[in-house]
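Asks: Got a predicted structure here, sequence first:
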Amino acid sequence: GQQVMQIPQYQHVQEGEDFTTYCNSSTTLSNIQWYKQRPGGHPVFLIQLVKSGEVKKQKRLTFQFGEAKKNSSLHITATQTTDVGTYFCAGPSGSARQLTFGSGTQLTVLP
Amino acid sequence: DAEITQSPRHKITETGRQVTLACHQTWNHNNMFWYRQDLGHGLRLIHYSYGVQDTNKGEVSDGYSVSRSNTEDLPLTLESAASSQTSVYFCASSDPREKNIQYFGAGTRLSVL
């Protein structure tokens, strides 16, 4: 079945440093979604990318969808303590109404 | 405002007992999902439903069951709780009209002793 892999599993950064997490799918995706889960919280939708090569920005967060639509990345510029949490990518699977989640990247920001 | 609620938020039970976790959404979404989250495993799909009377097994369905008698609710039942089912459980809902974006409940932390 479809697999979605994310690296790194953990990342510790000093506040103000940049952070990137990478997502790779074993199959071509029609779209990719990104979620954030704060410590003790639940996953919350951030963004969906649909087009090959698409780049979207949300303030300090930049999301990219690969040309082959099999990989994606999330880059955070100048991390803040509010960025702490686990970031998940997810791609459609099954009938496309399901999502297969990556294992997530847990970000710690040191003040 | 529409929402998705899970209850209880915390549950401690004993091995062998039947446990039911509730999930209720007011989004009027057709799709509902149950996941478990364990360290190092991310979110793993247990069961899902695409509408009333429809239920399907996910990748880790053994020992769990669901039923969908209305649009709003998808209760998850552990038939005979095992220590391996100690986990955090999340319910989510989505709809194709909203690009299948999933909205998650706050989660239920279950401990099986």
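Replies: Thanks, I have it.
Asks: Show the backbone phi and psi for A:Thr82.
Replies: When read as degrees, to the nearest 10, the backbone of A:Thr82 gives phi -70, psi -10.
Asks: go on, B:Glu98?
Replies: Dihedral angles for B:Glu98 - degrees, to the nearest 10 - are phi -120, psi 40.
Asks: Now do it: how many residues are near it, please.
Replies: 14 (other Cβ atoms under 10 Å in any protein chain shown). For every residue, glycine as well, the C-beta is placed using N, CA and C.
Asks: And the one 5 residues further on, by the same measure?
Replies: Counted with other Cβ under 10 Å, the neighbours of B:Tyr103 add up to 20.
Asks: repeat for A:Gln33
Replies: 25.
Asks: Verify the contact between it and A:Thr100 for me.
Replies: No. Using Cβ atoms under 8 Å, A:Gln33 is not in contact with A:Thr100, being 10.5 Å away.
Asks: Please enumerate the shared neighbours of the two.
Replies: A:90-91 (Cβ atoms under 8 Å, 6 or more residues apart in numbering or on different chains).
Asks: and chain B, which of its residues are near chain A?
Replies: B:31, B:33, B:35, B:40-43, B:45, B:48, B:50, B:58-59, B:90, B:92, B:94, B:96, B:99-107 (Cβ under 8 Å from any Cβ of the partner chain).
Asks: Secondary structure class of B:Ser84, three-state.
Replies: helix (DSSP: H, G, I helix; E, B strand; the rest coil).
Asks: Show the model's pLDDT score for A:Pro39.
Replies: pLDDT for A:Pro39: 94.
Asks: any idea how far it lies from A:Val109?
Replies: Between A:Pro39 and A:Val109 the computed distance is 12 Å (Cβ to Cβ, to the nearest Å).
Asks: higher neighbour count, these two?
Replies: Each of A:Pro39 and A:Val109 has its neighbours counted (other Cβ under 10 Å); A:Val109 has more, 20 against 9.
Asks: Find the residue at the geometric middle of chain B.
Replies: Centroid-nearest residue in chain B: B:Trp34, 3.0 Å away (criterion: Cα atoms, centre = their mean).
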